[in-house]
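Peer 1: Next come a sequence and a model predicted from it.
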Amino acid sequence: MESNPLLQSAIGAVLLRERRKRQLTQQALADQAGLQRVYIVGIEGGKRCVSLAIIFALSHALGMEPFEFVRKIQEEMTCRKK
């Protein structure tokens, strides 16, 4: 599967915004999601493609439903296209 830079950067922006809103460090988010901090850094930097399983893990770690997280990503992509 080919990477999508717009999607990757939108996911990173939403993750960063939601993490900061909850005053979580990258390490705290990584621990709650069962991931490595360096992986969170890559996602937030728009450098990582993420699977649906990762979307679920991150959204639950942020206290959100996965559909809410995906909706925010979609909104971010729409804003970036304009």
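Peer 2: Structure's in. What do you need?

Peer 1: by contact count, what packs against the helix or strand harbouring residue 67?
Peer 2: If you go by DSSP states H and E, residue 67 is part of helix 66-81. With contacts defined as 3 or more C-beta pairs under 8 Å, 6 or more residues apart in numbering; DSSP states H and E, the packing partners of helix 66-81 are helix 5-21, helix 52-61. Heads up, the C-betas are built off the backbone N, CA and C, glycines and all.

Peer 1: Make a markdown table out of the ones you listed and add mean pLDDT and distance to residue 67.
Peer 2: Compiled in a markdown table, these are given as follows (pLDDT from 0 to 100; distance: least, C-beta to C-beta, whole Å):
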| stretch | mean pLDDT | distance to residue 67 |
| --- | --- | --- |
| helix 5-21 | 97 | 13 |
| helix 52-61 | 98 | 8 |
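
Peer 1: Which one, of these, ends up nearest to residue 72?
Peer 2: Each of these has some distance to residue 72 by C-beta to C-beta; the shortest is helix 5-21, at 4.7 Å.

Peer 1: buried sites along the helix or strand following the closest one?
Peer 2: Going down the chain from helix 5-21, the next helix or strand is helix 26-33, by DSSP H and E. Neighbour counts over helix 26-33 (16 or more other C-beta atoms under 10 Å) mark 26, 29, 30, 33 as buried.

Peer 1: of all the helices and strands packed on helix 66-81, which lies closest to residue 80?
Peer 2: Comparing the helices and strands packed on helix 66-81 by C-beta to C-beta, helix 5-21 comes nearest, at 6.2 Å.

Peer 1: helices or strands next to the closest one in the packing?
Peer 2: With contacts taken as 3+ C-beta pairs under 8 Å, 6+ apart, helix 5-21 sits against helix 37-44, helix 66-81.

Peer 1: Just put the ones you listed in JSON lines and tack on mean pLDDT, distance to residue 54 and mean neighbour count.
Peer 2: As requested, the helices and strands packed on helix 5-21 are arranged in JSON lines below (pLDDT from 0 to 100; distance: least, C-beta to C-beta, whole Å; neighbours: other C-beta atoms under 10 Å):
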{"stretch": "helix 37-44", "mean pLDDT": "98", "distance to residue 54": "8", "mean neighbour count": "17"}
{"stretch": "helix 66-81", "mean pLDDT": "95", "distance to residue 54": "10", "mean neighbour count": "14"}
